[in-house]
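*Asks:* Attaching a predicted model along with its sequence, questions to come.
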Amino acid sequence: MDRNEDEILAEELAALGAVSGGSGHLTRLVARRMRKNVHEIDLVLPLPFEGAVEHVADVLARAGRVMGFARVGPGTDRETIRAVVGGGVGGLNPVVVTVLVSRGGVAGSEVRLRAAAKEGLIKQRAGEKTAVRLAALLSG
């Protein structure tokens, strides 16, 4: 989890540009200057901490490509999971999804879902729509 959202999104967009015959380097430069659409949602999952982490990882793996897990602080009951998921029209806009799972009280585990995507001239709100879609999958 050493790379930030902007770096990951620029690399993902550059890879898409290279696949379509464009210049990955130029695409990466342009992507760094694009605005980001970010949306965060807080949830409570009626699962114990380890079960919630497993559930989140499964949902993210089905939705996209999981990039990593990280415990937040030694001996804490907080885990971060990051994935890249396709969003926007045709699922072609990469969205970086970061989920923080924390041990909750008797109600279950607390989840903060953050989705971020770059926006071009046509606003697709891919970050917002992906966050809402994944929150529904996590809750369902």
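*Replies:* Yes, it's here.
*Asks:* C-alpha from now on. contacts and neighbour counts both.
*Replies:* Fine.
*Asks:* Residue 135 - how many residues pack around it?
*Replies:* 21 (other CA atoms under 10 Å).
*Asks:* doesn't residue 41 make contact with it?
*Replies:* Yes. Residue 135 is within contact range of residue 41, at 7.3 Å (criterion: CA atoms under 8 Å).
*Asks:* Show me the common contact partners of the two, please.
*Replies:* Shared contacts of residue 135 and residue 41 (CA atoms under 8 Å, 6 or more residues apart in numbering): residue 113.
*Asks:* give the contact list for residue 71.
*Replies:* For residue 71, counting by CA under 8 Å, 6+ apart, the contacting residues are 77, 78, 79, 80.
*Asks:* Any regions of this structure where pLDDT drops low?
*Replies:* By pLDDT under 70, the low-scoring segments of the chain are 1-2, 17-32, 73-75.
*Asks:* tell me the SS of the residue in it sticking out farthest from the centre?
*Replies:* Distance from the centre of the chain peaks at residue 106, with 27.1 Å (CA atoms, centre = their mean). Here residue 106 is recorded as coil under DSSP: H, G, I helix; E, B strand; the rest coil.
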